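Novice: Fold the following and give me the result.
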Amino acid sequence: MNYSYTEKKRIRKKFGKIKQIIDIPSMLQIQSNSYSSFLSGSSTFADREKSGLFKAFNSVFPIVSHAGHVRLEFIDYSVGKPLFNVQECQLRGITFSAPLKVLMKLVICDKDDQEKVREIKEQEVFMGDIPLMTEKGSFVINGTERVVVSQLHRSPGVFFDHDKGKTHSSGKLLYSARIIPYRGSWLDFEFDPKDCVFARIDRKRKFPATILLRALGFQTQEIIDLFFEKDEIKIDGEKIYYKFVSNRLKGTIAIDEIKIKNKVIVEQGKRITARHTKQLSDSKTEYLEVSNDFLIGRILANDLVDDETGEIVLPLNTTIDEENISTLLSKAKGKFETLYINDIDCGPYISSTLSIDSTQTQLEAQVEIYKMMRPGEPPTKESAQNLFSNLFFIKERYDLSDVGRMKFNARIADDSSKENILNKNDIVSVILELVNIRNGNGEVDDIDHLGNRRVRSVGEMVENVYRVGLVRLERAVKERLTVAESEGLMPQELINAKPVVAS
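Specialist: A predicted model of the protein is given here:
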């Protein structure tokens, strides 16, 4: 076997006729680049804050005392040089590592006026040794060479799926959506066999999805306006007219005869075709005369208010039936609106969900979510509001990650949001897409497709572990911050690096 004289490596022989254009890349490049990015971050300071150790420190710091007038802030960090090289570490049975020093700032404010700074102390704090990666992409831990294996996991983002007909005995497909963050609570939306939409937080007990929308601040009228188009009904004396919209009648059964200039084009009980709607459009028909039977089963899109007393006679989302139709026709002045619903591609799913939703206000909805998340604990206004805001809308508790946000925006076809937390529009967009898929206007995702999976490299996994250690450190530092002012402590005396090193 021939060896090269310089590096004592086997000489690679090529037997192919096609010339090699580029060199084969290093297979360890992904691991080494990932860990290098974790330690040093990006070249620009703005990008550096979003990755690696900087991101881990910024997710925990600043640490504020319980009283709120003393805080410990993170400024920067530096990684020193290792004391021994790789071979010496293997011989001595020690870890190949380098010292990590962090520049901290202790800010003490006035107790009465927290915006007034009384004292600032800056100090470089030793945060223990951090393992270094060798040229071969491995680590030397206590003299033994070890490697970190990359993980293939489901990418953060939003995914739509169905149960393949296995849940219900009839084989009906029950569609669902799941928002998976990089860190934080999972949020699920799912249909039940009765076609109501439910939500789950962290796979706990399900509740109507409209409760979540109400907790976000949406009123019933706003929810109806978001998810439904409306049909206009006009009343002229004792006659009822339906405002004609061509694409809405196509494929439905005619409840009344449809005429153009007293000529019947669709008989009662017959299906309305595209040819019929084209005839109506060509004749510039604006309103069609209908009977009371046309209104039966339709759902009111607005509150029906008595003009004389101001009283709500029939609330919105009320189904028109034989009992209330006379009240409706007598109290409705001129015209009113109903929800556009059909059995083909526009189901009454959100309307059905509202009918089983017992909450009326935002606070009631937040209290209902609090009871579901923490059963047995008596809810208060503040605790219910804090719990709900901490679920999906606080960066310290929830992180969709850059990859998750990109996948999320691509799936719902909306690039308006760039933040790594959820907002109102995100949740509404997911429910809208789920309803569209249930209506037959979209497709579910393949969970096993590699496009929905990603590799977690070594830098990312170490960052997560390091962050866990910093969270432990945060609890210990918070207790000591209360006495920092009275005892005149420095940042070095507040921080014990053992929880971080142990992680």
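
Novice: for Thr220, phi and psi?
Specialist: phi -60, psi -40 (degrees, to the nearest 10).

Novice: Around it, how many other residues sit close by?
Specialist: Applying other Cβ atoms under 10 Å, we find 18 other residues in the vicinity of Thr220. Every C-beta, even on glycine, is put in place using the N, C-alpha and C of the backbone.

Novice: ok, so what distance separates it from Asn423?
Specialist: To Asn423, Thr220 is 21 Å away according to Cβ to Cβ, to the nearest Å.

Novice: now swap in Leu470 and tell me
Specialist: 27 Å.

Novice: between these two, which one's more packed in?
Specialist: Leu470 (21 against 14).

Novice: so which helix or strand takes in that one?
Specialist: helix 458-487 (DSSP states H and E).

Novice: Show me how far that helix is from its chain's centre.
Specialist: Relative to the centre of its chain, helix 458-487 is centred 27 Å away, using Cα atoms, centre = their mean, to the nearest Å.

Novice: again with stretch 89-104
Specialist: Centre-to-centre, stretch 89-104 and its host chain are 39 Å apart (Cα atoms, centre = their mean).

Novice: Stretch 80-88 now?
Specialist: Relative to its parent chain, stretch 80-88 has a centroid offset of 44 Å by Cα atoms, centre = their mean.

Novice: Verify the contact between Leu339 and Phe228 for me.
Specialist: Yes - Leu339 lies in contact with Phe228 (Cβ atoms under 8 Å); the separation is 4.7 Å.

Novice: Now for these two: what residues contact both?
Specialist: Taking Cβ atoms under 8 Å, 6 or more residues apart in numbering as the criterion, Leu339 and Phe228 both touch 301, 351.

Novice: So Tyr182 versus Arg405, what's the distance?
Specialist: 10 Å.

Novice: on that earlier part again, next SSE after the helix holding Leu470?
Specialist: helix 491-494.

Novice: Who are the packing partners of that next one?
Specialist: strand 97-109, strand 117-131, helix 458-487 (3 or more Cβ pairs under 8 Å, 6 or more residues apart in numbering; DSSP states H and E).

Novice: so the second one versus helix 458-487, what angle?
Specialist: By that I understand strand 117-131. When axes from the mean of the first three to the mean of the last three Cα atoms, to 10 degrees is applied, the directions of strand 117-131 and helix 458-487 differ by 140 degrees.

Novice: Run me through the strand neighbours of strand 117-131, direction for each.
Specialist: strand 97-109 (antiparallel) (DSSP bridges).

Novice: quick one on the thing from earlier: if I look at Tyr182 and Arg405, which residues touch both of them?
Specialist: Asn420.

Novice: neighbour-wise, which of those two wins?
Specialist: More neighbours surround Arg405 than the other of Tyr182 and Arg405, with 23 against 19 (other Cβ under 10 Å).

Novice: Spit out the contact partners of the closest residue to the more buried one other than its chain neighbours.
Specialist: Once flanking residues are discounted, Arg405 sits nearest to Asn420: 5.6 Å by Cβ to Cβ, 6 or more residues apart in numbering. Counting by Cβ under 8 Å, 6+ apart, Asn420 touches 182, 395, 398-402, 404-405.

Novice: can you do 7 Å?
Specialist: 399-402, 405 (Cβ atoms under 7 Å, 6 or more residues apart in numbering).

Novice: Is it part of a helix or strand, or is it coil?
Specialist: coil (DSSP: H, G, I helix; E, B strand; the rest coil).

Novice: Model confidence for it, exactly?
Specialist: In this prediction, Asn420 carries a pLDDT score of 85.

Novice: Could you check how far it is from Phe393?
Specialist: When distance is defined by Cβ to Cβ, Asn420 is 11 Å away from Phe393.

Novice: just Leu213 next, same as before
Specialist: On the measure of Cβ to Cβ, Leu213 and Phe393 end up 14 Å apart.

Novice: With Ser26 instead?
Specialist: 42 Å.

Novice: neighbour-wise, which of those two wins?
Specialist: Phe393 (15 against 11).

Novice: so what's that one up against?
Specialist: 421-422.

Novice: go on, the one 3 residues further on?
Specialist: The neighbours of Glu396, taking Cβ under 7 Å, 6+ apart as the test, are Ser59.

Novice: What about the residue nearest to Ile201 when sequence neighbours are not counted? Give its phi and psi, please.
Specialist: Distances taken as Cβ to Cβ, 6+ apart put Ser185 closest to Ile201, at 5.5 Å, once the chain neighbours are dropped. As for Ser185, its main-chain torsions (degrees, to the nearest 10) stand at phi -80, psi 140.

Novice: Ser185 reaches Arg200, doesn't it?
Specialist: No - applying Cβ atoms under 7 Å, one finds Ser185 not in contact with Arg200, separated by 10.0 Å.

Novice: Break the chain down into its domains, please.
Specialist: According to automatic domain parsing, the chain comprises the domains 29-150+457-502, 154-223+353-456.

Novice: Would you reformat those as JSON lines and include distance to Gly16?
Specialist: Output for these, formatted as JSON lines (distance: least, Cβ to Cβ, whole Å):
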{"stretch": "domain 29-150+457-502", "distance to Gly16": "24"}
{"stretch": "domain 154-223+353-456", "distance to Gly16": "29"}
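
Novice: which one of these has the lowest average pLDDT?
Specialist: domain 29-150+457-502 (a mean of 80).

Novice: Give me the distance from that domain to the chain's centre.
Specialist: That offset, for domain 29-150+457-502, works out to 29 Å (Cα atoms, centre = their mean).

Novice: now the end-to-end length of it.
Specialist: Taking Cα to Cα, to the nearest Å, the first and last residues of domain 29-150+457-502 lie 28 Å apart.

Novice: Going by secondary structure, Pro433 is in what exactly?
Specialist: To be clear, residue 433 is Glu; Pro isn't right here. Short version: Glu433 belongs to helix 424-438, going by DSSP H and E.
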